[in-house]
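In: need a structure here:
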Amino acid sequence: MLETTQKLSCNEDLSSLYQQYSDFKAKKLQLDITRGKPSAQQLSLSDPLIYNLTVKEVIEHQDYRNYSSPQLLAGLPEMKNLFAETLNISAENIIIGGNSSLNLMYDTITKAMILPLPSQTKNWSSQGTIKFLCPTPGYDRHFSICENLGIEMINVPLTGQGPDMDVVENLVLDDPMIKGIWCVPQYANPTGEIYSDETVNRLANMKTAADDFIILWDNAYAVHHLDMADAQYVKDILQACQQAGNPNRAFVYASTSKVTYAGAGVSILAANEENLNWYKKQLRVQTIGFDKINQLRHLKLLPNKSAFLAHMKKHADILKPKFDIVDTVLQQELGNDGKYATWTKPKGGYFISFNTKPNLAKKVIEMAQNAGVKLTKAGATFPYGKDPDDRNIRIAPSMPSIQDVEIATKILAIATKIATLEQH
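Out: Residues are numbered from 1 along each chain as shown. The predicted structure follows:
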């Protein structure tokens, strides 16, 4: 009798949910929460970049309209000082790049494929099929780089404080073909987690079978706090590697892509002196220099750390209500008991990681799309686009209006409930 009652209740729930779902489908919505793009409101915070320089300022010290001197290959000293101050990295350890830190990551790996890393005699491509460790769920563009270059990817689970270091240490100790690990150490994409000091220390100190093992430290969200009063920071990996006796192990990346203009920012690569000299030696052949006028524009908008963080406070004021409404709607619709799903509550960054019950992510994403909500493709947060449990969905609430985020989250929740109830 109890089983029959439960089935009737389930049917009643489904009937109501189907009606809500149909009502949303009838609206023919077009909502997109696929990628962590800044909203137009956020981009407008940096509109002074367009007109904040005069010709006099551009040619005041030297004519930055022309080819720059070799001494400025690594960027304007003032730009390096700004990043050094804001990110707590020594200015001597920084190269200023173009608008994309992803480009610098791709460039680092392709250089290592062609030319031996410092203190090495063989490049990666001459050693056979190399492998990278990929903490998952993770950033799809990292995985695309590996796939494009024929690098085999190995999934490593995340713990809430970074990758499972027991797994990482065992893998790198036994396999000399494992040459690197991807890390998004602060407000990780998409889980929002922050690597603990213990995780950072273990990454720096671990013994590896490969002498040319590197950490690609993509600190994309270093200043992207949702609450500036509760800002979280990850331990300095460069210093940790230096202290561990592995000074060449880490390459660090960051940019202003989601600080100013996503398509016209300034990026950095930071590393120890030997790694920087290796990179710059090849960079001199590759380019005469990156966009110095864009660096000047950014320095005019963000002259120091205080101005930088004040600018980020404006971003947080726009972003936090969107993250809050996602959490509020999910709690109202799905509860906190994990019956239907679980999700992260990040303190910064651009994403919320949402987990359905196993084998339901594809179905939920398809249902949401049919009701007018576009979500990142199922499996995108895993190497080769294959989520072994078919459960992870990345939510990116930054670009739409708060009203659209609320509607999109409601539809996601309804689709999740229907899929879960139908599974049972």
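In: list the contacts of Leu104.
Out: With contacts defined as C-beta atoms under 8 Å, 6 or more residues apart in numbering, the neighbours of Leu104 are 97, 253, 267-269. Heads up, the C-betas are built off the backbone N, CA and C, glycines and all.
In: test for you: state the pLDDT assigned to it.
Out: Note on Leu104: pLDDT of 98.
In: secondary structure element for it?
Out: Element membership of Leu104 [criterion: DSSP states H and E] is helix 101-114.
In: now compare the contacts of Leu104 and name the two farthest from each other.
Out: Comparing all pairs in these by C-beta to C-beta, the longest separation belongs to Gly97 and Tyr253, at 8.8 Å.
In: overlap in contacts of those two?
Out: Shared contacts of Gly97 and Tyr253, defined by C-beta under 8 Å, 6+ apart, are found at 104, 267-269.
In: in helices only, show me these.
Out: Of the shared contacts of Gly97 and Tyr253, the ones assigned to helices by DSSP state H are Leu104.
In: nearest to Leu149 among the shared contacts of Gly97 and Tyr253?
Out: Among those, Leu104 lies closest to Leu149 (C-beta to C-beta), at 15.0 Å.
In: so what secondary structure elements neighbour the longest helix along the chain?
Out: The helix of greatest length in the chain, counted in residues with DSSP H as the criterion, is given as helix 305-334. For helix 305-334, the elements it packs on are helix 40-44, helix 77-87, strand 341-343, strand 352-356, helix 402-423, judged by 3 or more C-beta pairs under 8 Å, 6 or more residues apart in numbering; DSSP states H and E.
In: which of these is buried the deepest?
Out: Each of these was scored by mean neighbour count; the highest is strand 352-356, a mean of 23, by mean count of other C-beta atoms under 10 Å.
In: rewinding a little: next, the angle from the longest helix of the chain to helix 77-87.
Out: Between the direction of helix 305-334 and that of helix 77-87, the angle (axes from the mean of the first three to the mean of the last three C-alpha atoms, to 10 degrees) works out to 40 degrees.
In: in helix 305-334, which residues are buried?
Out: 305, 308-309, 311-312, 315-316, 318-320, 322-323, 325-327, 329-330, 333-334 (16 or more other C-beta atoms under 10 Å).
In: for the residue lying closest to Gln30 once chain neighbours are set aside, give me its contacts.
Out: The shortest distance from Gln30 to any residue other than its chain neighbours is 5.8 Å, reached at Gly372 (C-beta to C-beta, 6 or more residues apart in numbering). Residues in contact with Gly372 (C-beta under 8 Å, 6+ apart) are 24-25, 27-31, 411.
In: who wins for most neighbours among the residues you listed?
Out: Ile411 (27 neighbours; other C-beta atoms under 10 Å).
In: quick one on the thing from earlier: now, which of the contacts of Gly372 lie within strands?
Out: The members of the contacts of Gly372 that map onto strands under DSSP state E are Leu31.
In: next, format the contacts of Gly372 as JSON lines and append distance to Lys131 and pLDDT.
Out: Putting the contacts of Gly372 into JSON lines (distance: C-beta to C-beta, whole Å; pLDDT from 0 to 100) gives the following:
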{"residue": "Phe24", "distance to Lys131": "44", "pLDDT": "96"}
{"residue": "Lys25", "distance to Lys131": "44", "pLDDT": "95"}
{"residue": "Lys27", "distance to Lys131": "47", "pLDDT": "95"}
{"residue": "Lys28", "distance to Lys131": "46", "pLDDT": "95"}
{"residue": "Leu29", "distance to Lys131": "42", "pLDDT": "95"}
{"residue": "Gln30", "distance to Lys131": "41", "pLDDT": "96"}
{"residue": "Leu31", "distance to Lys131": "38", "pLDDT": "96"}
{"residue": "Ile411", "distance to Lys131": "39", "pLDDT": "98"}
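In: looking at the contacts of Gly372, which is nearest Thr159?
Out: Here the nearest of these to Thr159, counting by C-beta to C-beta, is Ile411; it sits at 31.0 Å.
In: if we can go back for a sec, just the contacts of Gly372 now: which is nearest Leu276?
Out: Proximity of the contacts of Gly372 to Leu276 (C-beta to C-beta) peaks at Leu31, which lies at 43.9 Å.
In: how near is that closest one to Ala419?
Out: Applying C-beta to C-beta, to the nearest Å, one obtains 19 Å for the distance of Leu31 from Ala419.
In: one more: Ala74?
Out: In terms of C-beta to C-beta, Ala74 sits 51 Å off from Ala419.
In: likewise for Val252?
Out: Taking C-beta to C-beta as the measure, Val252 and Ala419 are separated by 40 Å.
In: can you check Lys363 too?
Out: 5 Å.
In: list phi and psi for the closest residue to Leu115 other than its chain neighbours.
Out: Excluding its sequence neighbours, the residue lying closest to Leu115 (C-beta to C-beta, 6+ apart) is Asn123, at 5.5 Å. Reported as degrees, to the nearest 10, the phi and psi values for Asn123 are phi -80, psi 170.
In: dump the residue contacts of Asn123.
Out: 112-116.
In: let's have the contacts of Gly372 in TSV, adding distance to Ala240.
Out: Conversion of the contacts of Gly372 to TSV gives the following (distance: C-beta to C-beta, whole Å):
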residue	distance to Ala240
Phe24	49
Lys25	52
Lys27	51
Lys28	52
Leu29	47
Gln30	46
Leu31	42
Ile411	43
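In: so the residue nearest the centre of the chain, which of the three states?
Out: In the chain, the residue lying closest to the centroid (C-alpha atoms, centre = their mean) is Asn189, at 4.1 Å. Secondary structure, DSSP: H, G, I helix; E, B strand; the rest coil: Asn189 is coil.
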